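J.: Kindly return the folded structure for what I paste below:
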Amino acid sequence: MPESLGEQEVNTLTAVIITAIPIEFNSVCEHLRDIKEVTSPKDGVYDVGYFDGDEKIWKVGVAEVGAGNTQCCIETERAIDFFKPNVVLFVGIAGGFKDDITFGDIVVAERAYGYEMGKIKDGTLLTRPDSGKSSYAMLQRAKAVARKDNWKSRIIGNEDGTINPNAIVKPIAAGEKVVADSRSDLAIMLKKHYNDTAAIEMEGYGFYKAIEVNEGVLGLIVRGISDMLDNKEDHFHELASRNASAFAFEVLSKI
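T.: Residues are numbered from 1 along each chain as shown. As a prediction, this is how the structure comes out:
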């Protein structure tokens, strides 16, 4: 039987989960109980609920921040300031950038490249790579979760075990543009200068930069693959979101 809310607070750690779009937000909230809406002094609106981990109860604030690195960095900083969390995760969807990744697979971002930085000279982009990194402890825990299949039992709608995604730990690339064509100049540039990139999205670099400046806060990005270059399939968004949420909560349960 769940503890009362007052009893829960005694044995509770706090986490914040950042999402960009409603389908990601809703998939995260499926794993929480006793959800209520909370408004911060800076007018941020969050859903807050509880998650029963293996060792601790987690109080989880969930934010929907919209697209883009800058917006994500600002909203992550605001959520950290409000909740004072132990852990912050970004949970959402991304486009796959490797041939051995497919719809529904999980990419845990060991780092997020900010690929927009550079200098144009004589019509050529000279890249000036920068990246944000995951917290070491979170990355190690994510690697341990990825080595096992236990996390798949948390996938909503996978009671029969037919959903069987893979999970890998690799860098991702985060910029302000949607990369939809493998023949585009941007895709070619990414393959040339960031060739270990496994997925592409729009918020990870800003998220990790917010984590870096908040000492003592652990951060991790978990992305489900919803699209592939040259193959955009909107009906995989829910699958990818639910898979990412399942993996993220398995990580949280083990901390």
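J.: Phe97: neighbouring residues, count only.
T.: Look at Phe97: counted by other Cβ atoms under 10 Å, it has 27 neighbours. In this view, the C-beta of every residue, glycine as well, is placed from N, C-alpha and C.
J.: tell me the contacts of it?
T.: Applying Cβ atoms under 8 Å, 6 or more residues apart in numbering, we find Phe97 in contact with Ala173, Val179, Leu190, Thr197, Ala198, Ala199, Ile200, Leu229.
J.: now do 6 Å
T.: Phe97 makes contact with Thr197, Ala198, Ala199, Ile200, according to Cβ atoms under 6 Å, 6 or more residues apart in numbering.
J.: Tell me how far it lies from Glu215.
T.: Taking Cβ to Cβ, to the nearest Å as the measure, Phe97 falls 32 Å from Glu215.
J.: do Val108 as well
T.: In terms of Cβ to Cβ, Val108 sits 22 Å off from Glu215.
J.: Tell me where the stretch 1-150 of the chain has strands.
T.: All strands of the stretch 1-150 of the chain, identified by DSSP state E, counting those that start in this stretch, fall at 12-19, 33-39, 45-52, 57-64, 87-96, 106-114, 118-121, 124-127, 131-133.
J.: Just checking: what are the partner strands of the last one?
T.: Each strand that strand 131-133 pairs with, and the sense of that pairing, follows from DSSP bridges: strand 106-114 (antiparallel).
J.: how many neighbours does Val58 have?
T.: One correction, residue 58 is Trp, not Val. So Trp58, with other Cβ under 10 Å, has 24 neighbours.
J.: Thought Thr14 was touching it, still the case?
T.: No: the pair Trp58 / Thr14 is not scored as a contact, 7.2 Å apart, by Cβ atoms under 6 Å.
J.: where exactly do the helices run in the protein?
T.: According to DSSP state H, the chain carries its helices in the segments 5-10, 22-29, 69-83, 136-146, 185-193, 204-212, 237-254.
J.: Out of those, flag the one nearest Ser40.
T.: helix 69-83 (4.3 Å; Cβ to Cβ).
J.: Buried residues in that closest one, which are they?
T.: Asn69, Cys72, Cys73, Glu75, Thr76, Glu77, Arg78, Ala79, Ile80, Phe82, Phe83 (16 or more other Cβ atoms under 10 Å).
J.: how about those residues in JSON lines, adding pLDDT and distance to Gly204?
T.: JSON lines is the format used below for the buried residues of helix 69-83 (pLDDT from 0 to 100; distance: Cβ to Cβ, whole Å):
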{"residue": "Asn69", "pLDDT": "95", "distance to Gly204": "8"}
{"residue": "Cys72", "pLDDT": "97", "distance to Gly204": "8"}
{"residue": "Cys73", "pLDDT": "97", "distance to Gly204": "10"}
{"residue": "Glu75", "pLDDT": "98", "distance to Gly204": "14"}
{"residue": "Thr76", "pLDDT": "98", "distance to Gly204": "11"}
{"residue": "Glu77", "pLDDT": "97", "distance to Gly204": "15"}
{"residue": "Arg78", "pLDDT": "98", "distance to Gly204": "18"}
{"residue": "Ala79", "pLDDT": "98", "distance to Gly204": "16"}
{"residue": "Ile80", "pLDDT": "98", "distance to Gly204": "16"}
{"residue": "Phe82", "pLDDT": "98", "distance to Gly204": "21"}
{"residue": "Phe83", "pLDDT": "98", "distance to Gly204": "20"}
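J.: in this structure, which segments are predicted with low confidence?
T.: Applying pLDDT under 70 to the chain flags the ranges 1-11, 116-129, 179-182, 230-234.
J.: Just give me the neighbour total for Arg33.
T.: Neighbours around Arg33, by other Cβ under 10 Å: 10.
J.: Pairing partners for the closest residue to it other than its chain neighbours in the sheet, please.
T.: Distance criterion Cβ to Cβ, 6 or more residues apart in numbering; nearest residue to Arg33, sequence neighbours excluded, is Tyr50 at 5.3 Å. Tyr50 has these beta-bridge partners by DSSP bridges: Arg33, Lys59.
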